[in-house]
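> how does the following fold in three dimensions:
(one chain, ligands or ions: 2)
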Amino acid sequence: MDRPGNTLSITHARGRVDVRAAWTRAEVFATIELLLSGWESVLPPNHDARIVIKPNLNNDLVALTGNCADLRVIAALIEALHRRGYSDITVADGSNVGIERRNISSFKRLRIDKLAARYGARTVDLNRDEGRRIVLHAGAEPLVAKTVLDADFLISVPKIKTHAEAGLSCAMKNWVGICVGQDKRHMHHDLGRNIFALSEVVQPDLILVDGLVAMEGNGPGDGEPVRLGRLLMADDPFLNDVVAARLVGIAPRTVPYLQHALDAGVVDQALLSQVEREVAVVVAIQPAPPRSRLAELSESRHLTWLKTAVQPLVALPAVSELAYKARIIQDVYSLEDDTLRLVARAADTCGDCRKCEDVCPTGLKLEDIGVKLELPDCVQCLYCWWVCPKQALTLTGEPAAMQRQIDRYKGAIEGL
Ligand code: SF4
Ligand code: SF4
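Ligands and ions are numbered 1, 2, ... in the order given. Below you'll find the model as predicted:
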């Protein structure tokens, strides 16, 4: 594994992207501090500035699947900002429309609420925020969250993952989450064009890409986790996403929103060639498979009425399971939150590999994992349990909604 010292910087008329290797919690904290030290000049001069961190909390899938922003990254960023004297920090996102419609709290399921409390930040669910309507040249007119529009300094924290509809999800796709609630649907009527258009109108001040675990294949909700071990910091979403695509071997021209940016002259072939020359592919991931015809039809503007009419039917567990198997949907939701808690570590089965230490966002040492169980020591994220290959960590409580992701992802996450 390459270490945090490995740095790559790509500079271009549009801006700059810095890339560094990191994996363990200690590396993530040290690397984010190092990255941020290279961007001091863009940080707000006023320490009372309202800083909004917008992670990708697309779904209720644990971050180690590659779907959502990793708690280690969010914690390290908050801490690095606190160290620089900033105190007004909000973690804000609006999860996907399926989560919103069912009134599921991804902040609770992903333990973002506990992490924010532990590190001294507020949380705002942008799906419940007030919004202001923004007219995009690509046709969508979504309500965009007031918390985002009124922020003094916006930090986008995207993932790097495949996206069945958008091709790739990184900084530009992450921005769909600033649209309030079901208004995200407006974006999906011509997703590539609308992502491009939204990124032209509202831009983050800084981007910190969580490329620790990427997702390949049927992303964003049903792909496979891939250890990428990279953190990126940038000031331009277009440049950032061209570099992110290169790191995982995805050709920018196969990503519809980047192709629209190319057509519009926002990025050009010279940039693609420069990135190809200067950036090596770290892990070539499998692209998203072609969408089924039914999945494509389900996003048609002309069939919105039908989709609304059949929603109660699709909400039935047996029907959504069928729709999942037919590849019309990626996500099957349960309304019941898990009540799982880490309660112990069995020293006799523990293989002393310390993978649990590597992923613990609060930095607990092996001796304290399964012993210190309450805030501020433990946020009960269960990352340690997800990676443990020896099943040495004991949980209590009901898995409920988490059972499905345990069945689907536990083995893959142990292998990261
Ligand atoms: S990951 Fe599991 S086996 Fe490895 S040190 Fe931690 S508890 Fe022990
Ligand atoms: S000990 Fe385990 S459950 Fe607790 S914060 Fe660390 S990784 Fe999460």
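> low pLDDT regions in the stretch 301-416 of the chain?
The stretch 301-416 of the chain contains residues with pLDDT under 70 at 301-307, 310-311, 324, 327, 329-330.
> apply 80 and report the result again.
301-332 (pLDDT under 80).
> need the strands for it, in chain order.
Taking DSSP state E, counting those that start in this stretch, the strands of the stretch 301-416 of the chain run over residues 341-345, 393-396.
> so does the first one get close to ligand 1?
Yes. Residues of strand 341-345 are located near ligand 1 by Cβ under 6 Å from any ligand atom, namely residue 345. Glycine gets a C-beta too; all of them are placed from N, C-alpha and C.
> what's in contact with that strand?
Strand 341-345 is contacted by residues 366, 369-371, 373, 378, 380, 382, 384-385, 392-397 when judged by Cβ atoms under 8 Å, 6 or more residues apart in numbering.
> ok, and which of those residues reach ligand 2?
By Cβ under 6 Å from any ligand atom, the members of these lying near ligand 2 are 369, 378, 380, 382, 384.
> which one of these sits closest to residue 8?
Among those, residue 384 lies closest to residue 8 (Cβ to Cβ), at 30.8 Å.
> and that closest one, how many neighbours does it have?
Number of residues near residue 384 (other Cβ atoms under 10 Å) recorded here: 23.
> ok, now how distant is the nearest residue to it once chain neighbours are set aside from ligand 2?
Using Cβ to Cβ, 6 or more residues apart in numbering and skipping residues adjacent in sequence, the residue nearest residue 384 is residue 356, 3.5 Å away. Residue 356 is 6 Å from ligand 2, where distance means Cβ to the nearest ligand atom, to the nearest Å.
> give me the low-pLDDT residue ranges for the stretch 151-300 of the chain?
Residues of the stretch 151-300 of the chain meeting the criterion pLDDT under 80: 291-300.
> now the strands: where do they sit in it?
With DSSP E, counting those that start in this stretch as the criterion, the stretch 151-300 of the chain has strands spanning 153-157, 161-163, 167-169, 206-216, 224-234.
> about what we covered before: how about the contacts made by the residue nearest to residue 384?
Residue 356 is in contact with 366, 369, 383, 384, 385, 387, 388, 393, counting by Cβ under 8 Å, 6+ apart.
> who wins for neighbours among those residues?
Counting by other Cβ under 10 Å, top hit in the contacts of residue 356: residue 383 with 26 neighbours.
> report the buried residues of stretch 388-396.
Residues of stretch 388-396 classed as buried by neighbour count (16 or more other Cβ atoms under 10 Å): 388, 392, 393, 395.
> with adjacent residues omitted, what lies nearest to the last one?
The one in question is residue 395. Of all residues beyond its chain neighbours, the one nearest residue 395 is residue 340 (5.0 Å), with distances taken as Cβ to Cβ, 6+ apart.
> for the one you found, the count of nearby residues, please.
The burial count for residue 340: 18, using other Cβ under 10 Å.
> show me the helices in the stretch 1-150 of the chain, by range?
Assigned by DSSP state H, counting those that start in this stretch, the helices in the stretch 1-150 of the chain fall at 25-37, 71-83, 97-101, 106-109, 112-119, 146-149.
> okay, now the domains of this protein?
For the chain, automatic domain parsing gives the domain ranges 7-289, 341-397.
> need the winner for burial among the ones you listed.
The highest mean neighbour count among the domains of the chain, using mean count of other Cβ atoms under 10 Å, belongs to domain 7-289: a mean of 21.
> bridging residues for the residue of the stretch 201-350 of the chain found nearest ligand 2?
Closest residue of the stretch 201-350 of the chain to ligand 2, Cβ to the nearest ligand atom: residue 342 (4.5 Å). With DSSP bridges as the criterion, residue 342 is bridged to residue 395.
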